[in-house]
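J.: Sequence and predicted structure below; questions after.
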Amino acid sequence: MFTARHVFGAVQRRSFSASTRQASKVTVLGAAGGIGQPLSLLLKLNPRVSQLALYDIRLAPGVAADIGHINTKSEVRGYDPTPSGLGDALRGSDIVLIPAGVPRKPGMTRDDLFNTNASIVRDLAKAAAEHAPEANILIISNPVNSTVPITAEVFKARGVYNPKRLFGVTTLDVVRASRFISQLKNTDPANENITVVGGHSGATIVPLLSQSGYSLTGATLDEYVRRVQFGGDEVVQAKDGAGSATLSMAMAGARFAESLLKASQGQKNVIEPTFVDSPLYKDQGIEFFASNVELGPSGVEKIHPIGKITEYEQKLLDACLADLKGNIQKGVNFIKEKP
Ligand SMILES: NC(=O)c1ccc[n+]([C@@H]2O[C@H](COP(=O)([O-])OP(=O)(O)OC[C@H]3O[C@@H](n4cnc5c(N)ncnc54)[C@H](O)[C@@H]3O)[C@@H](O)[C@H]2O)c1
Ligand SMILES: O=C(O)C[C@H](O)C(=O)O
C-alpha cells in the first residue's frame with residue numbers, strides 16, 4: 001500500500017508521529033498537470049499540511065474532489081480559474097508551489113519554454129504578491145534559471161520581495177545525482193545525498209561528487225556528470241513527445257515542501273539544495289545560485305558556501321556561471337519589457 005511512510009522515509013516517519021502540528025496551508029498552482037496531480041496527492045498524504053488549495057486553468061475542482069476522499073485529515077479545495085478563485089487559493093497560504101506551464105518535447109531546451117512560461121509565471125507571481133506576499137514561493141516551472149528572477153522582479157515591483165522566501169526547486173537534480181551514483185556504486189540511494197550546485201538546466205547543473213567522498217575518473221566521471229546534467233532529457237526522450245518528468249518531480253517537490261514545513265515548525269538542521277537569491281557569486285553579477293541551504297522558520301536561514309572542489313569541478317562551475325548569468329538576465333529583462 002502507498003502511504004506517507006513510503007514516500008517520506010525514516011526521518012520524516014519519526015516526526016510524523018508527533019501529535020500536534022501547526023496549521024499549514026499549501027497551495028499548488030498548476031495542480032491538474034502532470035506534476036500538479038501527483039504532487040497534490042503526496043501533499044495530501046503529508047500530515048504537516050492542514051489545508052491544500054488546488055488551482056489550475058482547468059480541472060482543479062475535479063482533482064480536489066478526487067484527492068479530497070483520501071482518508072487523511074487535511075481539507076482539500078479546488079478553485080475555479082477566475083481571478084477571485086486564484087486569490088482565494090492563495091490567501092493565507094504558507095507555501096505556494098508553482099508547476100504551471102508547458103513541459104518540453106524532444107529536441108527542445110528548457111529555455112525554449114521561456115516564451116510561454118515566462119508570462120504564466122509572471123501572472124501567477126503577481127497574484128501571489130498580492131494575496132500571499134509572505135508565503136514561501138516554490139518555483140518548479142521551467143526555465144527555473146529565469147522564472148525565479150521573473151518572480152523576484154514581480155515581487156520587487158510591488159515592494160514585497162523577501163529573498164528568504166523565494167526558492168527555485170532543484171531537488172530533482174540531487175535526487176537523480178543520488179540515484180545515479182547508487183547505481184554505479186551499488187549503494188542504497190536513500191543514504192546518498194550528492195551536492196549539486198548552480199542552476200537547473202544542462203551545463204548549469206553541477207554535481208560535486210568529491211564532496212561525498214567519491215572519486216570517479218575518466219569516462220565514468222564524464223558519463224556520470226552528463227547523466228546528471230541531462231537527466232531531464234532522458235525522460236523527455238523516453239516520453240517521446242508526451243512531456244517531461246512528472247512523477248519524480250512530484251516526489252522532489254513534495255520533499256522540498258516537507259523540508260520547509262519541518263523547518264518552519266521548528267526542526268533544526270534542515271538542509272536542501274535550492275536556487276535562491278545568493279551572495280555566493282554576486283561579485284560576478286550572478287544574483288541567484290543553487291547550493292545547499294539551511295531552512296528555518298523565516299525561509300532561508302543560511303546559504304552554505306561551495307567548499308573545496310576539484311579542478312574538474314571548477315571547470316564545470318565556470319561553464320555553469322557563464323550560462324547562468326545570461327539566463328537570469330533574460331528573466332530580469334522580460335519583466336522590464338513586459339511588466
Ligand atoms: N524544476 C524542475 O525540476 C522541473 C521538473 C519537471 C518539470 N518541470 C517544469 O514544470 C512545468 C510543468 O510540467 P508538467 O509536466 O506538469 O506540465 P503539464 O502540461 O502536464 O501541466 C501544467 C499545468 O499547468 C496548468 N497551467 C497552465 N497555465 C496556467 C496558469 N496560468 N495558471 C494555472 N495553471 C496553469 C495547465 O493547465 C496544466 O494543468 C514545466 O514547465 C516543466 O518544464 C520542472
Ligand atoms: O527536463 C525537463 O524539461 C523537465 C525538468 O526540468 C527535469 O529536469 O526533468
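T.: Ah, there it is. Ligands and ions are numbered 1, 2, ... in the order given.

J.: contacting residues around the residue of the chain found nearest ligand 2?
T.: When distances are taken as Cβ to the nearest ligand atom, the chain reaches nearest to ligand 2 at residue 232, 2.2 Å away. Just so you know, the C-beta spots here come from the backbone N, C-alpha and C atoms, and that holds for glycine as well. By Cβ atoms under 8 Å, 6 or more residues apart in numbering, the contact set of residue 232 is 104, 110, 172, 201, 244-245.

J.: how does it look with 7 Å?
T.: Residues near residue 232 by Cβ atoms under 7 Å, 6 or more residues apart in numbering: 244-245.

J.: One more: residue 193?
T.: Counting by Cβ under 7 Å, 6+ apart, residue 193 makes contact with residue 178.

J.: What's the separation between it and residue 211?
T.: Going from residue 193 to residue 211 by Cβ to Cβ, to the nearest Å gives 10 Å.

J.: Name the helix or strand for residue 88, please.
T.: helix 83-90 (DSSP states H and E).

J.: Show me what the helix or strand encompassing residue 251 is packed up against.
T.: Using DSSP H and E, residue 251 maps to helix 247-264. Secondary structure elements in contact with helix 247-264, counted by 3 or more Cβ pairs under 7 Å, 6 or more residues apart in numbering; DSSP states H and E, are helix 4-16, helix 36-44, strand 95-98, strand 136-139, helix 171-185, strand 270-277, strand 288-296.

J.: in the helix holding residue 88, what counts as buried?
T.: 85-90 (16 or more other Cβ atoms under 10 Å).

J.: ok, so of these, who is nearest residue 276?
T.: Checking the buried residues of helix 83-90 against residue 276 with Cβ to Cβ, the nearest one is residue 90 at 21.0 Å.

J.: Correct me if wrong: the closest one contacts residue 127.
T.: Yes. Residue 90 lies in contact with residue 127 (Cβ atoms under 7 Å); the separation is 6.0 Å.

J.: want to try JSON lines for the helices and strands packed on helix 247-264, with mean neighbour count as columns?
T.: JSON lines is the format used below for the helices and strands packed on helix 247-264 (neighbours: other Cβ atoms under 10 Å):
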{"stretch": "helix 4-16", "mean neighbour count": "15"}
{"stretch": "helix 36-44", "mean neighbour count": "24"}
{"stretch": "strand 95-98", "mean neighbour count": "26"}
{"stretch": "strand 136-139", "mean neighbour count": "27"}
{"stretch": "helix 171-185", "mean neighbour count": "21"}
{"stretch": "strand 270-277", "mean neighbour count": "23"}
{"stretch": "strand 288-296", "mean neighbour count": "23"}
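
J.: TSV please, covering the ones you listed and showing distance to residue 52 and mean pLDDT.
T.: Converted to TSV, these look like this (distance: least, Cβ to Cβ, whole Å; pLDDT from 0 to 100):
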stretch	distance to residue 52	mean pLDDT
helix 4-16	14	42
helix 36-44	6	98
strand 95-98	10	98
strand 136-139	14	98
helix 171-185	19	97
strand 270-277	21	97
strand 288-296	20	98
